[in-house]
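Participant: give me the fold of what follows.
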Amino acid sequence: MILSLIFLFLSTVFGLSIPSLTSIDGVHVPLASANASITDPWQWWYFDLVSDTDLSSIQVVYYSGYGFGPIINYPYYVQLSGTYPNGTAWGSFFMVATDVATVTTSTSLPLEASNGVWPGIGGWASSGILPNQAKYVATWAHTGSTFDVSGSMTLQQMAPSHYPCNDLSPPNITKGVNLVGPGLGWGNALPSAKASASFQINGQQFTISGSGYHDTNFGIGYLQATVATWYWGRGVVGPYTFVYFAYLPKISSITTTSDPSTWYTAGYLIDSSLPIPIPDNFCSGEQTALEHSANHVTITTTGAVWQLGPTGPGGVTPGVPESVQVVYHIGLESFAFNLTSQSLVIASAPLSYDRWTAEVSMVGSTATGKGMFELYNPNGP
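Facilitator: Coordinates of the predicted model:
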């Protein structure tokens, strides 16, 4: 009771985005049954790490259901992807669970982080308390005739967690409460983390340390049937951590769809150098670009892929960077950040989904940092 009152005080007085009694990265839609179809609910849990010192990276995603369709013949699987120190992608490995997964949270601590078990291949365990004291260890292992991978990633929370809006209400897909937009949920447990990973790929050992991140997405039904486009990205530079999400559903009220600043958007910005760091959260429905720039987020993209859509390795010109600028407007102040691609981690033509590691800079500052950004465009430009 005392713990709950403390978090209620922080959320009311300081405006902190505190998760509700449902863990921010807990189960928000029913987990998949063994015979799930593409029309059933889906959820995934995403962890990433970008090296501070070279172009290494690693991402691990634990899937429940067929949000991306039946690309695997069982609804519980893990995807492992990343890049070597020189920035070359080492591809994606898919590991299939031996049984249905479980995701749990503590009943004694209402803001406890989640724990997941994907039988036979791994999962994640947490300790500490959200919104700013959590630690996660994600693990994976698979030995087979085509590939052999195993390892772990440890993430220590460095910035408070958040939902898309600065709202204590638990997300509700059917009622449209606290979502990125219609049918798309998001819980960002670790906007920034101090992270390290140790893992092996086919007998070759790797270690990475740097900037980490963890979130969960969830929804109902096949994404190709509901999503026109989304942009997501995150970065850390100097004392600032920022995350953004721009989402255009297939059924949309806007007539000009080329400007992501007019889509459903969610943004997060925090300055850790403040005595009491308070995140600014931004969320909106579809609106004009002028309305966004008045007190919200504007997003500008540079590069051919944003117009042509993800088409696999042939759709991205080697040596020509893709980039995103995201500007957070807070009253009379603006904070502008640039993400410039360093390595193309995933280039998936069948899914029309690309993800990059990025160098991050802030307009008006000489500081640089690391981050990631992605484009999902299942139906083409």
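Participant: how about the contacts made by the spatially most central residue of the chain?
Facilitator: Computing the C-alpha centroid of the chain and ranking residues by CA atoms, centre = their mean puts residue 215 first, at 4.9 Å. Going by CB atoms under 8 Å, 6 or more residues apart in numbering, residue 215 touches 25, 45, 46, 186, 187, 188, 189, 190. Every C-beta, even on glycine, is put in place using the N, C-alpha and C of the backbone.
Participant: those: which two are farthest apart?
Facilitator: Using CB to CB, the contacts of residue 215 reach their maximum pairwise distance at 186 and 190, which is 13.0 Å.
Participant: quick one, which of those two is more surrounded?
Facilitator: residue 190 (30 against 25; other CB atoms under 10 Å).
Participant: can you tell me the closest non-neighbouring residue to that one?
Facilitator: residue 214 (4.0 Å; CB to CB, 6 or more residues apart in numbering).
Participant: element containing that neighbour?
Facilitator: Using DSSP states H and E, residue 214 maps to strand 204-220.
Participant: after that strand, which helix or strand is next? Please name it.
Facilitator: Downstream of strand 204-220, the next assigned helix or strand under DSSP H and E is helix 223-226.
Participant: still on that earlier bit, for the residue nearest to the centre of the chain, give its distance to residue 57.
Facilitator: For residue 215, the distance to residue 57 equals 16 Å [CB to CB, to the nearest Å].
Participant: and for residue 299?
Facilitator: Counting by CB to CB, the gap from residue 299 to residue 57 is 22 Å.
Participant: compare those two (neighbour count), which wins?
Facilitator: The neighbour count for residue 299 versus residue 57, taken as other CB under 10 Å, is higher for residue 57 (29 against 22).
Participant: what sits against that one?
Facilitator: The contact partners of residue 57, by CB under 8 Å, 6+ apart, come to 48, 49, 50, 51, 82, 83, 208, 343, 345, 357, 372.
Participant: show me the contacts for the spatially closest residue to the third one that is not a sequence neighbour.
Facilitator: Spatial nearest neighbour of residue 50, excluding adjacent residues (CB to CB, 6+ apart): residue 370 at 4.3 Å. Under the criterion of CB under 8 Å, 6+ apart, the contact list for residue 370 reads 50, 51, 52, 210, 211, 235, 236, 357, 358, 359, 360.
Participant: what is the nearest of the contacts of residue 215 to residue 266?
Facilitator: Nearest to residue 266, judged by CB to CB, of the contacts of residue 215 is residue 186 at 6.8 Å.
Participant: OK, contacts around that closest one?
Facilitator: 163, 164, 171, 179, 180, 215, 216, 217, 218, 245, 266 are the contacts of residue 186 under CB under 8 Å, 6+ apart.
Participant: remind me which residues of the stretch 251-381 of the chain are low pLDDT?
Facilitator: 255-256, 275-279, 285-295, 308-320, 349-350, 380-381 (pLDDT under 70).
Participant: what number of residues lie near residue 52?
Facilitator: Counted by other CB under 10 Å, the residues lying close to residue 52 total 15.
Participant: over to residue 85?
Facilitator: Using other CB under 10 Å, residue 85 is surrounded by 13 other residues.
Participant: that one: which element?
Facilitator: Using DSSP H and E, no element contains residue 85; it sits outside every helix and strand.
Participant: chain neighbours aside, what residue packs nearest to it?
Facilitator: Spatially, and ignoring its direct neighbours in sequence, residue 85 is nearest to residue 54 (4.3 Å; CB to CB, 6+ apart).
Participant: phi, psi for the one you found please.
Facilitator: Here is the backbone geometry of residue 54 (degrees, to the nearest 10): phi -150, psi -160.
Participant: gap between it and residue 300?
Facilitator: Per CB to CB, residue 54 is found 28 Å from residue 300.
Participant: what does residue 126 give?
Facilitator: Taking CB to CB, one finds residue 126 at 36 Å from residue 300.
Participant: so between the two, which is more surrounded?
Facilitator: Neighbours per residue, other CB under 10 Å: of residue 126 and residue 300, the larger number sits with residue 126, 25 against 15.
Participant: what sits against the more buried one?
Facilitator: Counting by CB under 8 Å, 6+ apart, residue 126 has contacts 112, 113, 114, 115, 134, 135, 136, 137.
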